[in-house]
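> Quick one, structure for this:
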Amino acid sequence: MVEDETRPVNEGLLVLPLAISKGITNIPTLVVSILMIEIGVSYNVTPGVTGQLNTVASLLAIVFALIMGLLSIRYDHRNLLVLGLLLYAFSTASCVLAGSFYVLLPLFALTGIAYAMVNPMVSSLIGAHVPAEKRTGAIGYTVGGLAFIYLLASLSTAYLSKILGWQMTLVVVVVPISVLAVALVLFIIPSTSRQVRGFSALDLLTGYRGSLGNRSVLACLLSTAIGMSTWYLFLIYHATFLRQTFGVSATSVSQIVVLFSLSYISGSLVTGWLARKFSRKVLAVGMMSFLSFFSVFAMIVSSIFLAVGIGILASLSTGIWVTIMTSLTLDQVPKFRGTVMSLQSAAFSVGSMASAIVGGVIITYFGFGPYGIVMGLAGFFGVIVLYFFSKDPTAQ
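Numbers count the residues shown, from 1 in each chain. Sure, this is the predicted structure:
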């Protein structure tokens, strides 16, 4: 049996280190997305092959997320978060030593393990320290923080790469933020005293039985994986699509990503207000439907203005969807929040890996357009799963 003992914490202050921590999780993917052509040229590989950096990282994230479901029951969530942040710094710094693509691959893949540690612990700490009526808003701020840091990184990546090269750019945009996050987490978030009594392997597996035995949890996880695979077409390949189709420079793509980030932030910040007007399930279904619709057309338009406009609308929808889905999933099985959030982290990684693999194959053989159509249609399947098989446990 595990009992938690915590000291009081300022709820508003708690959001700051968690928002920064969550903000780090997408930066390595962003750098690879914007500089995919440069990375490919440096190792003489195609963009489709370079995109598999995210595939391998996602694979490790999936495996370790399942392990985190067990570790989260046994160990302090704050300490697990700190270890994940330090691993981000180590992984990106070590990429400087990669003399070939095959050395870069495992070094960069460590960011997948870091993601599996950081992402679920951010949500679990919100569940532990923030009252139920304020959780959606708190999650919205962390998702907004993710997008804000994503915005800053997108602004700096192209410029820094011209001066430092892509390897040092990866270090500069990840390591300082990781170190800052570690300091704030240790200073602001209280450590949880985990008192273990009669603990066994059977106790560890109880969290999985309680989570995976719940049909609504399974529906949330499956729709999350599908939705993330749809969204990741914008995160992984959309920048390359803009550059190769419309001849846009890396600097211009960075500026376009700013617009996407601002839209995503806006969506995440208004989610708390929207959740008071609509049920969480209705919001999740609606926003995932919008994302899927926009994705179908994202890479078949012949105008850069339409491509950017679709990206802005998709980002707004996703900012709301990610926030509300995290809030909805967090409350499915309150007793095992750490396990459920680790499973959701695995679902995020499954989605990103699927998108990277499918994108690499379809883009190589058929082009960008069919890739967007396939991922958009897949998104609608996720909508069906969410609508018919999930429930909001807090709904009246």
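
> For residue 182, give me its contacts.
Going by Cβ atoms under 8 Å, 6 or more residues apart in numbering, residue 182 touches 82, 85-86. C-beta coordinates here come from the backbone N, C-alpha and C atoms, glycine included.

> Please disregard the earlier target; I meant residue 320.
267-268, 270-271, 274, 283, 287.

> shaky segments in the stretch 151-300 of the chain?
For the stretch 151-300 of the chain, the stretches with pLDDT under 70 are 192-205.

> Could I get the full set of strands for it?
193-196 (DSSP state E, counting those that start in this stretch).

> can you give me the helices for it?
201-212, 215-232, 238-246, 250-277, 280-297 (DSSP state H, counting those that start in this stretch).

> Including mean neighbour count and distance to residue 323, could those helices go into JSON lines?
Below are the helices of the stretch 151-300 of the chain laid out as JSON lines (neighbours: other Cβ atoms under 10 Å; distance: least, Cβ to Cβ, whole Å):
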{"stretch": "helix 201-212", "mean neighbour count": "15", "distance to residue 323": "21"}
{"stretch": "helix 215-232", "mean neighbour count": "24", "distance to residue 323": "12"}
{"stretch": "helix 238-246", "mean neighbour count": "21", "distance to residue 323": "21"}
{"stretch": "helix 250-277", "mean neighbour count": "19", "distance to residue 323": "4"}
{"stretch": "helix 280-297", "mean neighbour count": "22", "distance to residue 323": "9"}
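
> Could you dump those into JSON lines and include distance to residue 390?
Below are the helices of the stretch 151-300 of the chain laid out as JSON lines (distance: least, Cβ to Cβ, whole Å):
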{"stretch": "helix 201-212", "distance to residue 390": "14"}
{"stretch": "helix 215-232", "distance to residue 390": "4"}
{"stretch": "helix 238-246", "distance to residue 390": "28"}
{"stretch": "helix 250-277", "distance to residue 390": "15"}
{"stretch": "helix 280-297", "distance to residue 390": "6"}
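
> For residue 12, find the nearest of the ones you listed.
helix 250-277 (13.4 Å; Cβ to Cβ).

> does residue 383 really touch residue 292, like I thought?
Yes: the criterion here is Cβ atoms under 8 Å, and residue 383 meets it with residue 292 at 6.4 Å.

> Strands of the stretch 1-150 of the chain, start to end?
Assigned strands in the stretch 1-150 of the chain, in chain order: 2-5 (criterion: DSSP E, counting those that start in this stretch).

> pLDDT weak spots in it?
Counting by pLDDT under 70, the stretch 1-150 of the chain contains low-confidence residues at 1-11.

> how about 50 then?
For the stretch 1-150 of the chain, the stretches flagged by pLDDT under 50 are 1-7.

> Among the contacts of residue 182, which one has the most neighbours?
residue 85 (28 neighbours; other Cβ atoms under 10 Å).

> any idea how far that residue is from residue 272?
To residue 272, residue 85 is 26 Å away according to Cβ to Cβ, to the nearest Å.

> Just give the nearest non-adjacent residue to residue 246, would you?
Residue nearest to residue 246 in three dimensions, not counting chain neighbours: residue 304, with 4.5 Å by Cβ to Cβ, 6 or more residues apart in numbering.
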